[in-house]
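K.L.:
Test case, fold it:
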Amino acid sequence: MSASADPAFVSPRTGRRWLAVIGLETHVQLKTRTKLFCGCEYRFGAEPNTLSCALCTAQPGALPVLNREALALAVRAGLALGAELAPLSKFDRKHYFYCDLPKGYQISQYDQPYCKGGGIALASGRFIRLERIHMEEDAGKAIHDRGASTLVDLNRAGVPLIEMVTQADIQTSSEAFEYLTLLKERLQYAGVSDCNMEKGSLRCDVNISVRPAGEPWRTKVEIKNLNSFRFIAAAIEHEAWRQIEAYESEDPAQYPVQETRLYDPERNQTRTMRGKESARDYRYFPDPDLPPLVLEAGFLERERANLSEPADSRRARYREQLGLSPADAAALTSERAVSDYFEACLRAGLDARETASWIQNELMGWVGDAELGLHDFSELPIRPRELAEVIRLIRAGRIASNAGRKLLRARALAGPDGAGIEALVGQLGLEQVQDDAQLEEWCRAALLGKEKIIADYRSGKEAALNALLGPVMKASGGRAAPEKVREILKRLLSG
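P.N.:
Model prediction:
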């Protein structure tokens, strides 16, 4: 279902039109080195319980101090999403009892968040409004797969998060997918977070209810712990139909109740997790250890100046000023790391179209390569100046394009302390042979026994020349300069 399509779910049994009412709560981990209220570092995948302190473990007398860098990134997120930043806000204690929350409460923001409003415009023209953005600390991690016991890792306890809560403006699974894709792009370009769902940097909960067209809203259900945009879309589709079938059963005992459910992607179904808490259950009150949060105008303006050019603006500039195709512009802005790399190549003096081709057809394909160990484009071991050096060698005719690809990969595998581009050209024997006498010797050998090809060429079939290039390149180990080879073959065939 596309965002511009009829949003109704039409019951195949009754023909009744049902509308989904969807809101999203997205938790995003801020891209800081340390936690929100203490100096502990956080690294994904670190040994359990090695990144915690007296505050993380709720020792008596340990007091929180707000991380200024986290505040700056949170503010930047609000600015990037066109939100209204409150000059005065506060932190609250949100109480619940679970093994991964040592204090028995989470420091969050309740009735006075630092940010309200803003949102994301979809391609259809519909605007998904944000109700609020607030800061909070993350909980630890409980591991329940050890038989009768539960293990707790407090490395993640206290990691800085922002939670973005939409209005119930989303109508379809495809709108949810598009909103999240654009939200991730906006936050990455603002430098707020890497938004890596595999590492838990972006997590999303869905609130969904259904109603017959023209009728009031009904009971909403929350779906938690969704770890991919595709699963979020699938969970919305399944849950909408589950609720529709429940209502159409006309059995009140089957009607949806306000609860939290989990989505099982293998079975494509949701199941009950627990009853849904209300704000009263959390017993919010202002945190007495943290003063009110005051955002000064000068601080806001500095963070506004720190915002990177957003992706949609870069796409337009790449098309209009650099002459790139819409497809190339979209590919180069698919991730901020890719776009920043492209920009650095332009600053190194490279041609936009040529650079775009190398990035898309070679470098982007390295992500996920087991030999290179590259998990993300931001980890690319080839610096822009090294790509520029390889392209200039090709332009100068010193190496062929295929040799350029070999050279880049060899440089990537060599590591930061390995041989440079120029040294690798010699070590790998990649420099093109330009010597006319040697090239003519290979060309004459390629002509032996090729009477039909020679006759075809002399009868006007220019394409016949290509059948002779292969043997020459093979004899030279791929190092013969192609243009010179063509010139020599033409001269020999015309003689």
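
K.L.:
Show the pLDDT at residue 198.
P.N.:
pLDDT for residue 198: 86.

K.L.:
pretty sure it belongs to a helix, no?
P.N.:
Yes - in this structure, residue 198 lies within a helix as judged by DSSP: H, G, I helix; E, B strand; the rest coil.

K.L.:
List the contacts of the closest residue to it other than its chain neighbours.
P.N.:
In this structure, residue 198 finds its nearest non-sequential neighbour in residue 227, 7.7 Å apart by C-beta to C-beta, 6 or more residues apart in numbering. C-beta coordinates here come from the backbone N, C-alpha and C atoms, glycine included. Counting by C-beta atoms under 8 Å, 6 or more residues apart in numbering, residue 227 touches 197-198, 203.

K.L.:
which residues sit against stretch 382-401?
P.N.:
341, 344-345, 347-350, 354-355, 358, 363, 404, 407-408, 411-412, 420-422, 425, 430-432, 434, 478-479, 481-483.

K.L.:
other SSEs contacting the lengthiest helix in the chain?
P.N.:
For the chain, the helix with the greatest residue count under DSSP state H is helix 229-248. Counting contacts by 3 or more C-beta pairs under 8 Å, 6 or more residues apart in numbering; DSSP states H and E, helix 229-248 is packed against strand 9-10, strand 17-29, helix 173-189, strand 202-212, strand 221-226, strand 259-264, strand 269-275.

K.L.:
Break this structure down into its domains, please.
P.N.:
Residue ranges for each domain of the chain read 9-294, 308-427, 436-494, as given by automatic domain parsing.

K.L.:
how distant is the last one from the center of its chain?
P.N.:
In this view, domain 436-494 has its centroid 48 Å away from the chain centroid, taken as C-alpha atoms, centre = their mean, to the nearest Å.

K.L.:
Stretch 197-210 now?
P.N.:
For stretch 197-210 - counting by C-alpha atoms, centre = their mean - the centre lies 15 Å from the chain centre.

K.L.:
buried ones in it?
P.N.:
Within stretch 197-210, the residues that qualify as buried are 197, 201-210, counting by 16 or more other C-beta atoms under 10 Å.

K.L.:
And stretch 283-291, by the same measure?
P.N.:
Of the residues in stretch 283-291, those buried by neighbour count under the rule 16+ other C-beta under 10 Å are 284, 287, 290.

K.L.:
Next: stretch 174-181.
P.N.:
Of all the residues in stretch 174-181, those buried under the rule 16+ other C-beta under 10 Å are 174-180.

K.L.:
Could I get those in TSV, plus columns for pLDDT?
P.N.:
Compiled in TSV, the buried residues of stretch 174-181 are given as follows (pLDDT from 0 to 100):
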residue	pLDDT
174	96
175	97
176	97
177	97
178	97
179	97
180	97
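
K.L.:
on that earlier part again, how far is the longest helix of the chain from where the chain is centred?
P.N.:
25 Å.

K.L.:
what do you get for stretch 16-30?
P.N.:
Averaging C-alpha positions (C-alpha atoms, centre = their mean) puts stretch 16-30 20 Å from its chain's average.

K.L.:
do the same with stretch 428-445
P.N.:
If you compare the mean C-alpha spot of stretch 428-445 with that of the full chain, they lie 46 Å apart, counting by C-alpha atoms, centre = their mean.

K.L.:
what's the answer for stretch 202-214, then?
P.N.:
Chain-centre distance of stretch 202-214: 24 Å, with C-alpha atoms, centre = their mean.

K.L.:
what's the answer for stretch 31-41, then?
P.N.:
For stretch 31-41, the distance from its own C-alpha centre to the chain's C-alpha centre is 22 Å (C-alpha atoms, centre = their mean).

K.L.:
Go ahead and name everything in contact with it.
P.N.:
30, 42, 51-53, 55-56, 62, 64-67, 69-70, 73, 107, 135-137, 158-161, 191-194, 290.

K.L.:
which non-adjacent residue is nearest residue 240?
P.N.:
Of all residues apart from its sequence neighbours, residue 20 sits closest to residue 240 (C-beta to C-beta, 6+ apart), at 4.8 Å.

K.L.:
For the one you found, the count of nearby residues, please.
P.N.:
For residue 20, the number of neighbouring residues by other C-beta atoms under 10 Å comes to 25.

K.L.:
Could you do residue 444 as well?
P.N.:
Around residue 444 sit 13 other residues, with neighbours defined as other C-beta under 10 Å.

K.L.:
part of a helix, is it?
P.N.:
Yes - counting by three-state DSSP, residue 444 is located in a helix.
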